[in-house]
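1. kindly return the folded structure for what I paste below:
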Amino acid sequence: MGNELVDIQAQIAAELATLDKSVAAPSGHRVSLKGKTFTFPDGKTSKGPINAVILDWRNINAYYKGAYNPQKPEPPVCFAISKEIEGMTPSTNSPDPQAPACDGCPWNEWGSAPGGGKGKACKNQVRIAVVPPDANDKTPIWTIDLAPSSTSAFSNFVNTVKSAALLPIQVQVSLDFDLNADYPKVTFADPEPLPMETVQLMFKLRGGASSLLDKEPGS
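-> Prediction:
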């Protein structure tokens, strides 16, 4: 019985070593937040919290015409993507730019939400590029799109680490969901500084995040 167990363990180890060759590689790079669950491109899920390093981010403004239909989602008719909030302008690839610049656009004003709401008709979002704290140079970079309800928590996180003379890329942070919210509202807590050798690796990985962060709707 002992020899049989050893044989099985050896077989398991051998098959694990070649398992990646028998299945398709994970597709995409976006982490879904649906159902207050982190669903990763490789199919793994977590109810949170998860620890991550935020390599970089982009501010995204997106304006959609008409009511959202989950059965037939439509891309925004006007959108802008930029690291800096000031000076954002619609992409030249926007199907129907609503204004020359986001600043001053009537849909980017408070109170412009459909139905007379206090919010904005244009969705001000943030897309972050993340990797786990124990990443290596082959670790895939994933993105998370933060809804407008989560952007203030992200800004608070950035300001918190800035007050300690640190960049977000220099810390690991715990991402979780606000259980009191009716929708997937992401929280950021317990930032911890990373060792300098880890920070060096994170800066190297950041170079591969730009193409993912700048990806436009429909591209």
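2. is the spatially most central residue of the chain in a bridge, and if so with what?
-> Nearest residue to the geometric centre of the chain (Cα atoms, centre = their mean): residue 144, 1.4 Å. On the basis of DSSP bridges, residue 144 is bridged to residue 128.
3. for residue 212, see how far away residue 76 is.
-> Distance from residue 76 to residue 212, counting by Cβ to Cβ, to the nearest Å: 18 Å. C-beta: built from backbone N, CA, C; applies to glycine.
4. which residues does residue 61 contact?
-> When contacts are counted by Cβ atoms under 8 Å, 6 or more residues apart in numbering, residue 61 touches 79-80, 88, 102, 108, 122-125.
5. between residue 76 and residue 212, who's got more neighbours?
-> residue 76 (23 against 19; other Cβ atoms under 10 Å).
6. could you list the buried residues of the lengthiest strand in the chain?
-> Assignment by DSSP state E gives strand 50-63 as the longest strand of the chain. Of all the residues in strand 50-63, those buried under the rule 16 or more other Cβ atoms under 10 Å are 50, 52-63.
7. wait, is residue 182 part of a helix?
-> No: using DSSP: H, G, I helix; E, B strand; the rest coil, the secondary structure at residue 182 is coil, not a helix.
8. count residues in the vicinity of it, would you?
-> 8.
9. separation between it and residue 115?
-> Residue 182 is 17 Å from residue 115, by Cβ to Cβ.
10. next: residue 90.
-> On the measure of Cβ to Cβ, residue 90 and residue 115 end up 24 Å apart.
11. more neighbours: the two, which one.
-> residue 90 (22 against 6).
12. does the more buried one touch residue 78 like I think?
-> Yes: with contact defined as Cβ atoms under 8 Å, residue 90 reaches residue 78; the gap is 5.2 Å.
13. any stretches of the protein with poor pLDDT?
-> 1-7, 15-27, 67-71, 219 (pLDDT under 70).
14. please enumerate the strands of it.
-> 38-39, 45-46, 50-63, 78-82, 122-131, 142-146, 171-177, 186-193.
15. all helices for the protein, in order.
-> Assigned by DSSP state H, the helices in the chain fall at 2-18, 148-163, 196-206, 210-213.
16. packing partners for the third one?
-> Using 3 or more Cβ pairs under 8 Å, 6 or more residues apart in numbering; DSSP states H and E as the contact criterion, the elements in contact with helix 196-206 are strand 50-63, strand 122-131.
17. can you list the ones you listed in CSV and add distance to residue 158?
-> Shown next, in CSV, are these (distance: least, Cβ to Cβ, whole Å):
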stretch, distance to residue 158
strand 50-63, 9
strand 122-131, 10
